[in-house]
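Q: this one's sequence-less:
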């Protein structure tokens, strides 16, 4: 016997109180896992869409994502509100331009706040009161150079930018954690106030606490900054017991 219960049960307004939309590159192994670890909880749901991307990681290939961003944004819970939408690519948000990225995502998700890893890193460094920074990237030089110009235009002194010459983000994701720590420590120059590890493909967020322990400097990574900005956008308070310094701070913007 089949029965249909009437009246239907009452429903919650939404399954989770807050929700973040994340646009990950088709080839990215890392950003989704980092957001599951750093952002997702009973209070905050993370919903992911993928956008077409083809290696190598060059400015031309990064810009080629721009026409696809609106459609990718529109695939995340169509017709339902998001607390923010995150574009999970640092280098593309720099070479396309944050305003252009925001306009594309606005076309797909009108009225939704936009977070980029590059913009979140700027906010994170400001919250840390760091203006003199070093940067480590896995990119080839011509992909890394716009990153230095971006931070310089935001008023930061970039003492050193190290690029590893890698062209495939799938390989970037395979860089061992101990190598990320070693390279980060070796990147730091005297007088630096913080280190930024750029690239959502790097498993750098997992390494931030150890790098901070070894160097005494605050560490910002692409995924860590975007996750921190997402939590603050959702009204999640800083955690004074967090493993890395950034997560203990409010957003000062």
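A: On my side now, so go ahead. As the structure is a computational prediction, the values presented were derived from the model and not from experiment.
Q: for the closest residue to residue 168 other than its chain neighbours, what are its contacts?
A: Nearest residue to residue 168, sequence neighbours excluded (CB to CB, 6 or more residues apart in numbering): residue 55, at 4.6 Å. In this view, the C-beta of every residue, glycine as well, is placed from N, C-alpha and C. When contacts are counted by CB atoms under 8 Å, 6 or more residues apart in numbering, residue 55 touches 27, 61, 167, 168, 169, 170.
Q: May I ask which helix or strand encompasses residue 101?
A: Residue 101 is part of helix 98-108 when elements are defined by DSSP states H and E.
Q: Distance check, the residue nearest to residue 168 against residue 102.
A: As for residue 55, its distance to residue 102 is 25 Å (criterion: CB to CB, to the nearest Å).
Q: Let me know the next secondary structure element after the one helix or strand residue 126 maps to.
A: According to DSSP H and E, residue 126 maps onto helix 117-127. Going down the chain from helix 117-127, the next helix or strand is strand 132-137, by DSSP H and E.
Q: can you pull the buried residues of whatever helix or strand comes next after that following strand?
A: Going down the chain from strand 132-137, the next helix or strand is helix 141-153, by DSSP H and E. Using 16 or more other CB atoms under 10 Å as the test for burial, helix 141-153 gives 143, 144, 145, 146, 147, 148, 150, 151.
Q: Could you list every helix and strand in contact with helix 141-153?
A: helix 59-63, helix 90-95, helix 117-127, strand 132-137, strand 157-163 (3 or more CB pairs under 8 Å, 6 or more residues apart in numbering; DSSP states H and E).
Q: ranking these by burial, who's on top?
A: Burial of the helices and strands packed on helix 141-153 is given as mean neighbour count (mean count of other CB atoms under 10 Å); helix 90-95 ranks first at a mean of 27.
Q: Distance from the chain centre to it, please.
A: From the chain centre to the centre of helix 90-95 is a distance of 11 Å (CA atoms, centre = their mean, to the nearest Å).
Q: what's the average pLDDT for it?
A: Helix 90-95 carries an average pLDDT of 96.
Q: Can you tell me what sits against that helix?
A: Outside helix 90-95, the residues within contact range by CB under 8 Å, 6+ apart are 57, 59, 62-63, 65-66, 87, 101, 116-119, 121, 137, 139, 143, 146-147, 150, 198-200, 222.
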